[in-house]
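Enquirer: Have a look; sequence and predicted model below, questions after that.
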2 protein chains.
Amino acid sequence: MIKARVTVTLKNGVLDPQGKAIEGALSSLGFDGVGHVRQGKVFDIELDGADKAKAESDIKAMCEKLLANTVIENYTVAID
Amino acid sequence: MIKARVTVTLKNGVLDPQGKAIEGALSSLGFDGVGHVRQGKVFDIELDGADKAKAESDIKAMCEKLLANTVIENYTVAID
């Protein structure tokens, strides 16, 4: 069993209204000195097998096909 | 300027319908051997100042108040 964590974040320059809303909310709550906030997604995936190289290439394929919109998002894969 | 990454994940035992949907979608796309999938959130936050200890305690307060629902979610803070 291999555990992997995929982190998907918006590319630079892509507007992030959710992040902007969080900035506003943190400021309303009295937190000073907060700069930009960007929100992304994380996926914890369990894969059968023990071949980490295969797992990594499978997960990259999953990202390209389903987990990330590569027009506007970057992804990183970390294998445990 | 301090950059921090907050990762918010569902606690064990909390149902994750979004993760279940992703499992089903990956299987439909022909990816075999996919076990559990859990989805979480990630926040990239910029903070003014250079005091990492203060930044970490501020960010933990933000998590408790806004970014995470600590009844059902865990969070981790990583300071760059």
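Expert: Noted; the coordinates are in hand.

Enquirer: which one's the longest strand in chain A?
Expert: strand A:34-47 (DSSP state E).

Enquirer: count of neighbours near A:Ile79?
Expert: As a burial measure, A:Ile79 scores 14 neighbours (other C-beta atoms under 10 Å in any protein chain shown). To be clear about C-beta, it is placed using only N, CA and C from the backbone, and glycine gets the same treatment.

Enquirer: Just want to check the distance between it and B:Gln39.
Expert: 18 Å (C-beta to C-beta, to the nearest Å).

Enquirer: got the residues of chain A near chain B?
Expert: With the criterion set to C-beta under 8 Å from any C-beta of the partner chain, chain A comes near chain B through A:1, A:7, A:9, A:19, A:22, A:25-26, A:29, A:31-49, A:58, A:61-62, A:65-67.

Enquirer: Go through the longest strand of chain A and flag the buried ones.
Expert: A:Val34, A:Val37, A:Arg38, A:Gln39, A:Gly40, A:Lys41, A:Val42, A:Phe43, A:Asp44, A:Ile45, A:Glu46, A:Leu47 (16 or more other C-beta atoms under 10 Å in any protein chain shown).
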